[in-house]
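Asker: Curious how this folds, go ahead:
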Amino acid sequence: MAPHMAPILPAPVLGPLSRVSWHWHYDWRMQKILIEIEGATPAQLDQAVSAVYQLFAAAGVSLAEAAQAAWDIEGWDMSGFPDESKPSVAAFDAAALWHQVHDCALDAAFGVDRPAGVRHRVDFRLLTP
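Answerer: Next up, the predicted model:
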């Protein structure tokens, strides 16, 4: 396991995905993300976490910036898309990164062997210190 990744819990935990969920996080710019992938092995989760880390590092966008941008765009949508509060192009780009986490993690974990219907069995969230 790379030094920037550490398991929160090394075994399945209780919850709606309790039979096959694993919790992992990584730290990048002092931020953590929780990723759960139903049916993934620890090695697959390690690959997924590494790929998500690389996605954000390559773009030079922090996890918090991407999560906030996605939240801001959702709020703009809910308020009826007013022109005066339209998010910037950079916000749209950052939000797009946040929305790529599902597929990035799944591609890294399973590659071409992705189980059918697995997209709905992935959860991720930014953890606050």
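
Asker: Now do the SS call for residue 126.
Answerer: Under the three-state scheme (DSSP: H, G, I helix; E, B strand; the rest coil), residue 126 adopts strand.

Asker: in the sheet, who's paired with it?
Answerer: Residue 126 has these beta-bridge partners by DSSP bridges: residue 33.

Asker: from what I can see it touches residue 31, true?
Answerer: Yes. Between residue 126 and residue 31 a contact is recorded at 6.7 Å, counting by C-beta atoms under 8 Å. For the C-beta atoms, the positions are set from N, CA and C on the backbone; glycine is no exception.

Asker: Show me whatever sits in contact with both of the two.
Answerer: Between them, residue 126 and residue 31 share these contacting residues under C-beta atoms under 8 Å, 6 or more residues apart in numbering: 63, 64.

Asker: Low-confidence regions, the chain specifically.
Answerer: Low-confidence segments of the chain, defined by pLDDT under 70, span residues 1-30, 119-120, 128-129.

Asker: ok, 50 please
Answerer: By pLDDT under 50, the weakly predicted segments of the chain are 1-28.

Asker: Now do the helices in it.
Answerer: Here the chain has its helices, by DSSP state H, at 42-59, 63-78, 89-110.

Asker: Can you list the buried residues in the longest one?
Answerer: Taking 16 or more other C-beta atoms under 10 Å as the neighbour-count basis, helix 89-110 is seen to contain the buried residues 91, 94-95, 97-98, 100-102, 104-106, 108-110.

Asker: Please name the nearest non-neighbouring residue to residue 102.
Answerer: If the residues on either side of it in the chain are set aside, residue 102 comes closest to residue 122, at 5.2 Å by C-beta to C-beta, 6 or more residues apart in numbering.
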